[in-house]
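Participant: Attaching a predicted model along with its sequence, questions to come.
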Amino acid sequence: MVMAKELPEDLVIKILLLLPFVSLLRFKSVCKHWYALITNQNFIAKHVLHNKNCNTQLLLKTRDKANHDYVVSTISHETLQVSLTPLPPPYFGVNKEFHIVVVGSCNGLVCLHDCLALHDVIWNPATKETKVVSKSNLPRIVPAGYRTRIEGMEFGFDAKTNDYKIINFITISDPRLYFCSPSENGVIFHVEVYSLRADTWRKVDGPLCFLSIHHINPGIYINGMASWVAYGNGWEESFVLSFDMSDELFLKTPFPDTYSDGADKIFMLNELIAIPFIDEQGFKLSYDIWSLLKVGIKDSWTSLFTIGPFIQINDSLGFPFPLGFWKNYTIFIVNGQLVLYDPSTKQITNLQIHHHVDKEPIQLVTYMESLVSLEG
Amino acid sequence: MSSSKSNKIVKLESSDNKTFEVEEAVAVQSETLKNMVDDGCANDTIPLPNVNGKILEMVLGWCKKHVDETVTGDELNKYEADFLDLDQADLYGLLMAANFLNVKGLLDRVLQRVADMIKGKKPEEIRRIFNIKNDFTPEEEEEIRLENAWAFD
């Protein structure tokens, strides 16, 4: 059976928009016209919007136990099938000297940060396109003996200008004071934003607060807003700090009163900010998952569910720590193993993914495949 | 008797000269026909040279079903599902007709049906279905396949 004549282009486009990403890749070779339609960046942007919810996967960064190599895997959202992805060219075949952090992922692009060389790479794992982001050469005053640290980073999309941005949250401080009597006094804060379109860094006004002690706090990015757990008032106070990628303004959301002690990590669950608050009673530990329905509004915190309790059997086995959510399950890391926890049955499934447990945290971000190009 | 809209009949003629008479309420499920009615062009038989009788009958059947208040939600869902169980030639005709006549909901359902039907197919099959000429050289085609070889398994 054959369709009598060629379909008009607008109908072809409407059909292509409904196809899964994998079909689009295959249909690039149907003919030159379809190739042009599928690789057109406007079409790709529409397709990304259309498929936002159907296409999510998880991107996982781990280190191999044996040879310490970085392993980036994408995990299918439907089946939890794991595929390995080689790191992009600047890092390929790299030795253990590199320390890579996944800054974030958005619309199919992934931003990686090299903590030692201090540069970033924006990468599309599906098309293998990469761009090395030049280091920021914005002027910073660094008094003698002071240390410059990137405390927090995120990567996201500014829908108003159709631009991808990296945000760096930097502190310049005296390392001796920093740990002895932590306070914002004497600390210089910088917020710098990189625009892919302009290929430059720019300074932005930011709040005087801390995002982390040791590791870079990568935060999360949801629908145009980057968020981190932040600490103010000399680490006494903690709250959620959010940054709007379009307006380039910061918003603070205090934690709910029940949990004024705060939390360390922030996650995404159903396109909303989710925080696992720790409820520790002796040897038992539970996580109370709360979701923030509207950024900036403390009253919009909603209690979702509780995971656990987990019982600490002995000191050598740590408590499991949540890494992210998948459907109704929670993904945990327990002693370097990735496991899936079903809150309704309390069953634990080992995902057979291992991570070399050293100082470096394992990372899991939401990812979707796309043909978005870095050329713009 | 005043010509109140609810009693008006719209006459349509398909490409193969079949005539159909439907109530205005049914006809205006098509935005195209609604515009004609609003513009006062629907008093005589409206010729539809790009829709054949078989397809037009299907489309009007869809419109009638969606205007019928006695049809339950479940019945409508089943109707819509069965409706799209067509061979490719009819599906194509329906797609073109739904697009031209701009019938609410029908075009979206047909587009989704076509997408579901083709998503797993190979490029050669796509060309056959849509009657598309392959204008790539074998080398060019191979290069594209290699770009994302895993997608072709």
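Facilitator: Here it is on my side, so go on.
Participant: make it CA atoms for all contacts and neighbour counts henceforth
Facilitator: OK.
Participant: what residues does the stretch 101-250 of chain A put near chain B?
Facilitator: A:A126, A:T127 (C-alpha under 8 Å from any C-alpha of the partner chain).
Participant: Strands along the stretch 101-250 of chain A, start to end?
Facilitator: Counting by DSSP state E, counting those that start in this stretch, the stretch 101-250 of chain A has these strands, from start to end: A:109-114, A:120-124, A:129-133, A:147-158, A:163-173, A:188-195, A:200-204, A:220-222, A:225-232, A:237-244, A:250-254.
Participant: With chain B instead?
Facilitator: Listed from the start of the chain, chain B has strands (DSSP state E) covering B:9-13, B:19-23, B:46-47.
Participant: between the ones you listed, which one is nearest to A:F210?
Facilitator: Of all the strands of chain B, strand B:19-23 sits nearest to A:F210, with 69.3 Å by C-alpha to C-alpha.
Participant: The closest residue to A:P343 other than its chain neighbours: what's it in contact with?
Facilitator: What sits nearest to A:P343 in space, not counting adjacent residues and going by C-alpha to C-alpha, 6 or more residues apart in numbering or on different chains, is A:I307, at 6.1 Å. With contact taken as C-alpha atoms under 8 Å, 6 or more residues apart in numbering or on different chains, A:I307 is in contact with A:S286, A:Y287, A:D288, A:I289, A:P343.
Participant: Just the closest of these to chain B, please.
Facilitator: Within the contacts of A:I307, distances to chain B taken as C-alpha to the nearest C-alpha reach their minimum at A:P343, with 33.7 Å.
Participant: count of neighbours near A:G186?
Facilitator: Residues lying near A:G186 (other C-alpha atoms under 10 Å in any protein chain shown) number 12.
Participant: hang on, it packs against A:S173?
Facilitator: Yes. Because the distance of 6.9 Å satisfies C-alpha atoms under 8 Å, A:G186 is recorded as touching A:S173.
Participant: Please list the residues of chain B that sit near chain A.
Facilitator: Counting by C-alpha under 8 Å from any C-alpha, the positions of chain B adjacent to chain A are B:87-89, B:92, B:111-112, B:114-116, B:119-120, B:122-124, B:126-136, B:141, B:144-145, B:147-148, B:151-152.
Participant: Generate a ChimeraX selection restricted to the buried subset of these.
Facilitator: The ChimeraX selection below is limited to those of the residues of chain B next to chain A classed as buried (16 or more other C-alpha atoms under 10 Å in any protein chain shown):
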select /B:88,92,111,112,114,115,119,120,122,123,126,127,129,130,132,134,141,144,145,152
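Participant: quick one: which of the residues of chain B next to chain A sit in helices?
Facilitator: Among the residues of chain B next to chain A, the subset assigned to helices under DSSP state H consists of B:88-89, B:92, B:111-112, B:114-116, B:123-124, B:126-130, B:141, B:144-145, B:147.
Participant: that older thread, okay if I get the contacts of A:I307 as TSV plus secondary structure, pLDDT and neighbour count?
Facilitator: Compiled in TSV, the contacts of A:I307 are given as follows (DSSP: H, G, I helix; E, B strand; the rest coil; pLDDT from 0 to 100; neighbours: other C-alpha atoms under 10 Å in any protein chain shown):
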residue	secondary structure	pLDDT	neighbour count
A:S286	strand	87	19
A:Y287	strand	88	19
A:D288	strand	89	20
A:I289	strand	88	18
A:P343	coil	75	15
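Participant: how about low-confidence regions in chain B?
Facilitator: Across chain B, residues meeting the criterion (pLDDT under 70) sit at B:1-6, B:149-153.
Participant: so how many other residues sit close to A:K165?
Facilitator: Here the count is done by other C-alpha under 10 Å, and A:K165 has 22 residues near it.
Participant: hmm, which helix or strand of chain A has the shakiest average pLDDT?
Facilitator: The helix or strand of chain A with the lowest confidence, counting by mean pLDDT, DSSP states H and E, is helix A:175-180 at a mean of 68.
Participant: Please state the offset of stretch B:42-50 from the chain centre?
Facilitator: Averaged C-alpha coordinates place stretch B:42-50 at 18 Å from its chain's average position (C-alpha atoms, centre = their mean, to the nearest Å).
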